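Trainee: could you look at this predicted model? Sequence included:
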Amino acid sequence: MADGILERSPAHITGWQREYQQVEDELRDPHSLALRDWDALTELAGALVAASCNRYRRWGDVVVRSACTATRIGEVSGVRARDVDTDKWLLTCRRQTIPAPGGLVDKHTKGRLARLIPIIEPLRPLIIRRLQATRGDPDARLYTGPRGGRISTAVLRDATHWDDVTRDLDYEHLRRHDLRHTGLTWMADAGILPHILKEIAGHRLITTTQRYFHPDVLRTLEAGQALTHHLEKLQRNGQITRRW
């Protein structure tokens, strides 16, 4: 600084280039933000638990649950025991925990609509363990911090030393929200149809959901839609007398 003039603007923001690239990657190819497979997910969860104070196991549960259900960390925090149907193995996602002026509060989900999410078999033992811990209280939270408080993405990051752990595992790009990308990517790769995945994800637009599908899959789906439209046109023109 010379004569009271700063050589560098105090408003200069560092790191914006990486954040901008992250957003571009998410819009163009969310596949690139997803964890590779189940082993990669459990390795991450275990490393986060090991880095946390007193090796708090529930941090790992939150990470696995978020990825396997393609839900946001705030939605994981918002789930209650009564939101889980262990007969059909369905989860109703109807609320999320978000920051507010007075602290963390529960609000409706993004889009304001509850949605049903399948609970896959590898996740069920974890769910059962959390339900048992509620001791039959239907309004009990399944996932809380060490002191019973609400969880947010920032709380998870700080408590598990997320940035250090992901860097050590060569996942430096990975954010908490990418756990949701992971789940949606896995579901798309498993062959779940776009309109069904759209409902599971809670997306407003089908074009958002379609980004999770490989181009060859999309072309196949488009071919099926084209044939359907062709047959409907023939039926309207009277060239087909029977409707399927």
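Mentor: Here it is on my side, so go on.
Trainee: quick one, what contacts residue 232?
Mentor: Shown in contact with residue 232 (C-beta atoms under 8 Å, 6 or more residues apart in numbering): no residues. Every residue, glycine included, has its C-beta placed from N, CA and C.
Trainee: just the pLDDT at residue 7, thanks.
Mentor: Residue 7 is assigned a predicted lDDT (pLDDT) of 48.
Trainee: next helix or strand past whatever helix or strand residue 74 lives in?
Mentor: Using DSSP states H and E, residue 74 sits in helix 73-78. Going down the chain from helix 73-78, the next helix or strand is strand 84-85, by DSSP H and E.
Trainee: quick one on the thing from earlier: packing partners of the helix holding residue 74?
Mentor: Helices and strands touching helix 73-78, by 3 or more C-beta pairs under 8 Å, 6 or more residues apart in numbering; DSSP states H and E, are helix 57-69, strand 95-100, helix 153-160.
Trainee: most packed of those?
Mentor: Highest mean neighbour count among the helices and strands packed on helix 73-78 (mean count of other C-beta atoms under 10 Å): helix 57-69, with a mean of 24.
Trainee: before we move on, back to that, can you redo the helices and strands packed on helix 73-78 as JSON lines with distance to residue 46 and mean pLDDT?
Mentor: Listed next are the helices and strands packed on helix 73-78 as JSON lines, based on distance: least, C-beta to C-beta, whole Å; pLDDT from 0 to 100:
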{"stretch": "helix 57-69", "distance to residue 46": "6", "mean pLDDT": "98"}
{"stretch": "strand 95-100", "distance to residue 46": "24", "mean pLDDT": "94"}
{"stretch": "helix 153-160", "distance to residue 46": "11", "mean pLDDT": "97"}
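Trainee: and of the ones you listed, who's closest to residue 235?
Mentor: With C-beta to C-beta, the closest approach to residue 235 among the helices and strands packed on helix 73-78 belongs to helix 57-69: 39.9 Å.
Trainee: now do the closest one: which elements does it pack against?
Mentor: Using 3+ C-beta pairs under 8 Å, 6+ apart: helix 57-69 touches helix 38-51, helix 73-78, helix 124-133, helix 153-160, helix 178-189.
Trainee: give me the pLDDT for the spatially closest residue to residue 141 that is not a sequence neighbour.
Mentor: Nearest residue to residue 141, sequence neighbours excluded (C-beta to C-beta, 6 or more residues apart in numbering): residue 80, at 6.2 Å. Predicted confidence (pLDDT) for residue 80: 97.
Trainee: how far away is the closest residue to residue 99 other than its chain neighbours from residue 96?
Mentor: Nearest residue to residue 99 in three dimensions, chain neighbours excluded: residue 152, at 6.2 Å (C-beta to C-beta, 6+ apart). Going from residue 152 to residue 96 by C-beta to C-beta, to the nearest Å gives 10 Å.
Trainee: name the residues contacting each of the two.
Mentor: Common neighbours of residue 152 and residue 96, using C-beta under 8 Å, 6+ apart, are 74, 77.
Trainee: and the angle from the helix or strand where residue 196 lies to helix 57-69?
Mentor: Following DSSP H and E, one finds residue 196 within helix 194-201. Counting by axes from the mean of the first three to the mean of the last three C-alpha atoms, to 10 degrees, helix 194-201 lies at 160 degrees to helix 57-69.
Trainee: just checking, what packs against helix 194-201?
Mentor: Helix 194-201 packs on strand 115-118, helix 178-189, helix 206-210, going by 3+ C-beta pairs under 8 Å, 6+ apart.
Trainee: reformat these as a markdown table; add distance to residue 143 and mean neighbour count.
Mentor: As requested, the helices and strands packed on helix 194-201 are exported to a markdown table (distance: least, C-beta to C-beta, whole Å; neighbours: other C-beta atoms under 10 Å):
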| stretch | distance to residue 143 | mean neighbour count |
| --- | --- | --- |
| strand 115-118 | 15 | 17 |
| helix 178-189 | 13 | 24 |
| helix 206-210 | 26 | 16 |
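Trainee: thank you kindly, that will do.
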